[in-house]
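Visitor: Mind folding the following:
(chains A and B)
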Amino acid sequence: MTAMTDSQKLQYIAARAADARVNVELETEGMTLNLGPQHPATHGTLRIVARLDGEQVIAAEPVAGYMHRGYEKLAEVRNYAQITTLVNRIDWLGSFANEVPFILAAEQLMEIEAPPRAQWIRTILFEMSRLANIVLFLGDMGVQLGAVTPAFYAFRDREFVLDQIERVTGGRFHPNFDRIGGLKDDLPKGWIADTKSAMDKVRDFCDEIEELFMNAEIFDARMRGVGVIPQDIAMQYGLSGANARASGIDWDLRRDNPIGLVYNELDWKVWTHVDGDSYARFWVRLQEVREATKMIDQLCDGLPSGPIMAKVPRIIKVPEGEAYIATENPLGEMGYYIVSQGGLTPFRVKIRSASFNNVSIVPWILRGVYIPDIISILGSIYFILGDIDR
Amino acid sequence: MTQLSTLLLGLELAYWQETILRLLGGLVALLLLTGGVVYLYLFKFVSFMQSRLGPMEAGPYGSMQLLAEVGKWLQKEDVFTENSDKVVFGLAPAVVLASTFLLFVVIPAGPTAVVADLGTGIYFVLAMSGISVLGILMAGWASANKYALIGSLRAAGQLIAYELPLVLAVVGVVIQAGSLNLQDIVAAQSGGSIFGIDAIGNPFIFTQIIGFGIFMIAVQAELAQSPFDMPIAESELVSGYHVEYTGIRFLVYFIAEFATAVAFAAVASTLFLGGWAIPEAWGVSESAMHIVGPIVLFTKAIILVGVVFWTRFTLPRFREDQLQALAWKYLIPIALINILITGILKVVV
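Guide: Numbering: from 1, shown residues only, chains lettered A, B, ... in the order given. As a prediction, the model looks like this:
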């Protein structure tokens, strides 16, 4: 017998095995598809490892952390004014909304309350960042389904909102405007009237999107009954925001726990949907945009006069203690748990961001769907990468 | 067939010289038309739909943009990925392009302006359009990329499924014209009459309106344009079967995509809109048609390409199984019924 190297032996065995398989039956094997970290559908660096059988997903696993920036740790070595700069970058489309719960938590620890005018302007900007965020979602949903045009409409009309944010704060995306005890500046002259006309344009955009998508056969076929999240599953995975409301959970922190913001004084409605599918999530967000424009109109009308800054010590030292404040951000519940030991910097900051929890449902919801539905479901769950990896 | 060069240039040429001239003329017409379509629709029409300006810098209103793009692609490195099957990978774009060019061979643009006036013209068109599947499968398999593989398999399934309604939609026209030859089909339309009125001839779009609808839907799918663009599906498969291509090979795919759109639009206008001909009742002399014919055909084709691109940039994309359901459950039965009705009427009337 001639000597065989190990690799020759392995080759021989593999060839025999292959022959045997062909003779017995035609065997198919699964395929692992890496969606991401660089993939157009993940708007960032989320990676989804999908195990496929043909076009069908057997198992999918989200791999987060490619954009982890260590904000919780960085916050421990920065003072409170500097931290707002960091947290701006968590959900980068609705930046101002990230600052608010952090500042509110710090204010609670310092037992300061912002003057009414500051609270109203905060609420206006909070809702505007919701618009800036979700208007883009409404257009982007079209891109996920293969219709490019609505995205351009979304970018066009979001600009009106961003312009208004920029005129107040000086920043389109990262305003860094919220301060402990109030706001950095008052509103510029003529801003109220311009904001109202911008809100009209956003409402027109909603009508346009509704006309384009709602009751369109292909949109219905791709969205209805796809990616259904039942109510109990949504609760188990800790979904929040529009994703929870689309599954029939009537829960909105703006109504149920409006600390530091003036939602109680406004006339508005929390929309829910019973279906829990992709369509419901889209629909709930569309209604939310409309409600937000109405809220901003009311806020502009009822804006009280007065100072925009409470009396705050020059050097901010937060007394010892801990506080958790959560608000209803564009993507869902966002909360900051701040532990202070009385120094210039927090001792520990825990950030509860909405997208991280919302994405945790991905393995459950993607099981058994087709590849195109991965994209539409991920699109409809709507996450911002910065909000997953803080 | 009278020689076109004799009519237009007053030259007496040998058959092979004449053929080369026809091929060159066809190629120039094809590339010009394709370039015009790309500029008109892909750059400008779509930009206006999406409330933006589109290219404005290269040439007046960006009209030289396409040349700039082609220049850019030609300069790029010809990348072969490490695991790709180099020969097949390199050949695949050529196969797709060949299929496109062969479509043009039989489309008449005037009384004699056709490269080859085949007796089985429309049959040839449908057969040649099927070849592109091979090129796409080659590209997808040789790329050694999972996205490309999924894209090419989707493309194969889709093109084969939609070949059927395409053929069946054409059958109605063939029955009505009584010929497979495209020149005969054109003549049947320009010389015919609807309900005894012959003012506009008898473009088959009126009698074969169902066939026309099915044909255009199937063409949309054959071209892999939205709402049937799953083989490309840039938001899910990144770019489908040509994800690994760059430079000149990508350019070839690009040309093939738009040239095929033009070709199918020309076929559709020949089959349903009367082709190059002007209704006989208008009394335009045949010698004038040598010049007017191509213009008439190109106008019709460009309008039909506009419809294709309008749809493409308006509608979202179907899912793969929904696409197959549309073909097998709706288009094919409707097309068969259309054939049945056409056949009965052909015998009865």
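
Visitor: neighbours of residue 320, just the number please.
Guide: No chain was given, so I picked chain A. Neighbour count of A:Glu320, defined by other C-beta atoms under 10 Å in any protein chain shown: 12. Where C-beta positions appear, they are placed from N, C-alpha and C, glycine not excepted.

Visitor: actually it's chain B I care about, not the one you picked
Guide: B:Glu320 - counted by other C-beta under 10 Å - has 22 other residues nearby.

Visitor: For the residue nearest to it when sequence neighbours are not counted, give me its contacts.
Guide: Leaving aside its sequence neighbours, B:Glu320 sits nearest to B:Met230 (C-beta to C-beta, 6 or more residues apart in numbering or on different chains; 5.5 Å). Residues near B:Met230 by C-beta atoms under 8 Å, 6 or more residues apart in numbering or on different chains: A:372, B:151, B:154-155, B:158, B:224, B:237, B:240, B:317-320, B:323.

Visitor: run the last query once more with 7 Å
Guide: A:372, B:154, B:158, B:317, B:320, B:323 (C-beta atoms under 7 Å, 6 or more residues apart in numbering or on different chains).

Visitor: which of the residues you listed has the weakest pLDDT?
Guide: Lowest pLDDT among those: B:Glu320, with 80.

Visitor: Give me the longest helix you can find in chain A.
Guide: Secondary structure of chain A per DSSP state H: the longest helix is helix A:116-145.

Visitor: secondary structure class for the closest residue to B:Ala68 other than its chain neighbours?
Guide: Nearest non-adjacent residue to B:Ala68, counting by C-beta to C-beta, 6+ apart: B:Ala58, 4.7 Å away. Per DSSP: H, G, I helix; E, B strand; the rest coil, the secondary structure class of B:Ala58 is coil.

Visitor: for A:Gly260, same thing?
Guide: coil.

Visitor: separation between it and A:Pro115?
Guide: 12 Å (C-beta to C-beta, to the nearest Å).

Visitor: same check, this time on B:Ile107
Guide: 76 Å.

Visitor: Name the next helix or strand downstream of the longest helix of chain A, please.
Guide: Once the chain leaves helix A:116-145, the next helix or strand it forms, by DSSP states H and E, is helix A:149-169.

Visitor: so what's B:Gln189 closest to, chain neighbours aside?
Guide: The nearest residue in space to B:Gln189 (C-beta to C-beta, 6+ apart) is B:Gly274, at 4.4 Å.

Visitor: Please confirm that that neighbour is located within a strand.
Guide: No - B:Gly274: not assigned to a strand; according to three-state DSSP it is coil.

Visitor: Closest residue of the stretch 101-250 of chain B to chain A?
Guide: At 4.4 Å from chain A, B:Glu236 is the closest residue in the stretch 101-250 of chain B, using C-beta to the nearest C-beta.

Visitor: Tell me, how many residues neighbour that residue?
Guide: Neighbours of B:Glu236 (other C-beta under 10 Å): 27.

Visitor: Kindly report the residues of the stretch 151-300 of chain B close to chain A.
Guide: B:226-227, B:229-230, B:233-236, B:238 (C-beta under 7 Å from any C-beta of the partner chain).

Visitor: about what we covered before: and the longest helix of chain A, what does it pack against?
Guide: helix A:95-110, helix A:149-169, strand A:182-183, helix A:191-213, helix A:278-301, helix A:371-381 (3 or more C-beta pairs under 7 Å, 6 or more residues apart in numbering or on different chains; DSSP states H and E).

Visitor: Which per-residue confidence value corresponds to the residue of the stretch 101-250 of chain B closest to chain A?
Guide: 75.

Visitor: Check the burial of the closest residue to it other than its chain neighbours by counting its neighbours.
Guide: Leaving aside its sequence neighbours, B:Glu236 sits nearest to A:Ile375 (C-beta to C-beta, 6+ apart; 4.4 Å). By other C-beta under 10 Å, 26 other residues sit near A:Ile375.

Visitor: Same check on B:Val267?
Guide: 27.

Visitor: Quick check, it in contact with B:Ile107.
Guide: Yes - at 6.3 Å, B:Val267 counts as touching B:Ile107 under the criterion of C-beta atoms under 7 Å.

Visitor: and the gap between the residue nearest to A:Thr195 when sequence neighbours are not counted and A:Gly306?
Guide: Closest residue to A:Thr195 apart from its sequence neighbours, by C-beta to C-beta, 6+ apart: A:Gln164 at 5.1 Å. Distance of A:Gln164 to A:Gly306, computed by C-beta to C-beta: 22 Å.

Visitor: When these two are compared, which one has more neighbours?
Guide: Between A:Gln164 and A:Gly306, counting by other C-beta under 10 Å, A:Gln164 is the more crowded of the two (26 against 10).

Visitor: For that one, give me its contacts.
Guide: A:128, A:191, A:194-195, A:198.

Visitor: distance of it from B:Met289?
Guide: Distance from A:Gln164 to B:Met289, by C-beta to C-beta: 61 Å.

Visitor: what's near enough to touch the closest residue to chain B within chain A?
Guide: As assessed by C-beta to the nearest C-beta, chain B sits closest to A:Gly146 within chain A, at 2.9 Å. For A:Gly146, the contacting residues are B:226, B:229, B:233, B:235, B:316-317, by C-beta under 7 Å, 6+ apart.

Visitor: Which ones among those map onto strands?
Guide: Among the contacts of A:Gly146, none falls in strands (DSSP state E).

Visitor: export these to JSON lines and tack on neighbour count?
Guide: Output for the contacts of A:Gly146, formatted as JSON lines (neighbours: other C-beta atoms under 10 Å in any protein chain shown):
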{"residue": "B:Ser226", "neighbour count": "25"}
{"residue": "B:Asp229", "neighbour count": "25"}
{"residue": "B:Ala233", "neighbour count": "25"}
{"residue": "B:Ser235", "neighbour count": "23"}
{"residue": "B:Pro316", "neighbour count": "27"}
{"residue": "B:Arg317", "neighbour count": "27"}
